[in-house]
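>>> here you go, sequence then predicted model.
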Amino acid sequence: MVEGEACKVLSITKSKPGRHGSAKARVEVVGLFDNKKRIIVKPASATVTIPMIDKKKAQVISVSGEIAQLMDMEDYSTFEAKIPPEMKSKAQPGSEISYWKVGDRILIRE
């Protein structure tokens, strides 16, 4: 989690400890929901918050523009989620897709 956004790590580089300080880690990440690239620099001994991601399957009930109404395959609850442009052809009513739930946000995945 960087700036309250769930992110995927692209690279980690560490510097050597200096005379007056500890080693630093430079972490490059990209946001899962906004695809924004972020760079953070912290002491190498610092802790980082890790988001809890639930990977689930859902059935598409209906599609209206770029919003799809989905039904979870485990508990049969219904909810709405934004369809990514690359998933428009796969997200047809009656089809089954996978999604990630991070906190209260939903991300449709391939």
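Received it, and whenever you're ready, just let me know what you need. Residues are numbered from 1 along each chain as shown.
>>> list the contacts for the residue lying farthest from the centre of the chain?
Summary for the chain: using Cα atoms, centre = their mean, the residue whose C-alpha lies farthest from the chain's mean C-alpha position is R19, with a distance of 38.3 Å. Residues in contact with R19, defined by Cβ atoms under 8 Å, 6 or more residues apart in numbering, are absent; none qualify. Yep, even glycine has a C-beta here, placed from its N, CA and C like the rest.
>>> tell me if I am right that it is in a strand.
No - for R19, which was evaluated using DSSP: H, G, I helix; E, B strand; the rest coil, the result is coil, with no strand membership.
>>> I'd assumed M52 was in contact with W100.
No - counting by Cβ atoms under 8 Å, W100 does not reach M52; the two are 10.4 Å apart.
>>> okay, now the domains of the protein?
In the domain annotation for the chain, the residue ranges read 7-43, 53-109 (automatic domain parsing).
>>> this protein: strands as residue ranges?
All strands of the chain, identified by DSSP state E, fall at 7-14, 24-31, 37-43, 53-64, 67-72, 78-82, 96-102, 105-109.
>>> columns mean neighbour count, distance to S89 and mean pLDDT on top of these, output as TSV?
Formatted as TSV, the entries for the strands of the chain read as follows, by neighbours: other Cβ atoms under 10 Å; distance: least, Cβ to Cβ, whole Å; pLDDT from 0 to 100:
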stretch	mean neighbour count	distance to S89	mean pLDDT
strand 7-14	12	24	95
strand 24-31	16	24	95
strand 37-43	12	27	94
strand 53-64	14	11	94
strand 67-72	18	13	94
strand 78-82	14	16	94
strand 96-102	16	11	94
strand 105-109	16	13	91
